[in-house]
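Asks: coordinates for the following, if possible.
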Amino acid sequence: MRTALTIAGSDSSGGAGIQADIKTMTANGVFAMSAITALTAQNTTGVTDIFETTPHFLAEQLDAVFTDIRPDAVKIGMVSSAALIETIAAKLKEYNAAHIVVDPVMVATSGAKLLRDDAVTALCKNLLPLAEVLTPNIPEAEILAEMPIHNASDMEQAAKVISERYGCAVLCKGGHQINDADDLLWRDGAGQWFRGRRIDNPNTHGTGCTLSSAIASNLAKGYDLTTSVERAKAYISGALAAMLDLGHGSGPMNHMFALKGDFVG
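Replies: Residues are numbered from 1 along each chain as shown. From the prediction side, this is the model:
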């Protein structure tokens, strides 16, 4: 069995973060491991508190994973401080980690900025250059490319700038009223559009975590990047189309929509 590691924050309501990553990796056929950057008190209506891991303890978690069950791919989600970002980068280099997928969580769906300026600087300097692929949404791509994005042409220009700046592939995700379900993969100087079907489901908590984890899972299994993105988009479409409706806010998807077996019923 192939293995994947998620480095991210815990979501107590189970729809995003570490919990969404583990469900996604499991549903995509890899053994999931985790290194937790922060505990959050959150549900479908919002986050009420955050308790951050220390850099020392995060390093201990990463040592524990890499020295025993080496991950075939690594997904990195929300990391809220410069010190934690620097710790992750140092450990990934130390262990020569492969297939690193970075979801550069910087801006909430509401538009609120999630990272302090020093953390954004550390992310760009230390972590993004280690990635095989980045998966920014539109507001995050605007920050990374330092330009506004209003249409598909802007997405292409921003993805090109980010790819050249950090030396990695970029999956610029649609949404925010721009190409709602269409994503753009830019690498090696060229772009490839992935057309998606718009699913009218208001419950989208954890979609970014889920997509990046599904990509990492498929890379871990040996698929190339294009195929990994295709499979990840098909998976997230199925999870949204299952129309799970939990909670009082923007609820989670059904990560296990395709789960069959004696123990499910």
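Asks: helix or strand: which one has G238?
Replies: Using DSSP states H and E, G238 sits in helix 225-241.
Asks: ok, I7 next?
Replies: strand 3-11.
Asks: and the helix holding G238, how far out from the chain middle?
Replies: Distance of helix 225-241 from the chain centroid (C-alpha atoms, centre = their mean, to the nearest Å) equals 13 Å.
Asks: and if you look at stretch 27-40?
Replies: 11 Å.
Asks: next: stretch 216-228.
Replies: 14 Å.
Asks: show me where the stretch 1-150 of the chain has helices.
Replies: 17-27, 55-66, 82-94, 117-122, 138-145 (DSSP state H, counting those that start in this stretch).
Asks: winner for burial among the ones you listed?
Replies: Most buried of the helices of the stretch 1-150 of the chain, by mean neighbour count (mean count of other C-beta atoms under 10 Å): helix 17-27, with a mean of 25. Backbone N, C-alpha and C define where each C-beta goes, glycine included.
Asks: tell me what that helix is packed against?
Replies: Helix 17-27 sits against strand 3-11, strand 31-43, helix 207-220, with contacts defined as 3 or more C-beta pairs under 8 Å, 6 or more residues apart in numbering; DSSP states H and E.
Asks: contacting residues for the closest residue in space to M253 that isn't next to it in sequence?
Replies: Closest residue to M253 apart from its sequence neighbours, by C-beta to C-beta, 6 or more residues apart in numbering: A239 at 4.0 Å. Counting by C-beta atoms under 8 Å, 6 or more residues apart in numbering, A239 makes contact with T210, M253, N254, H255, F257.
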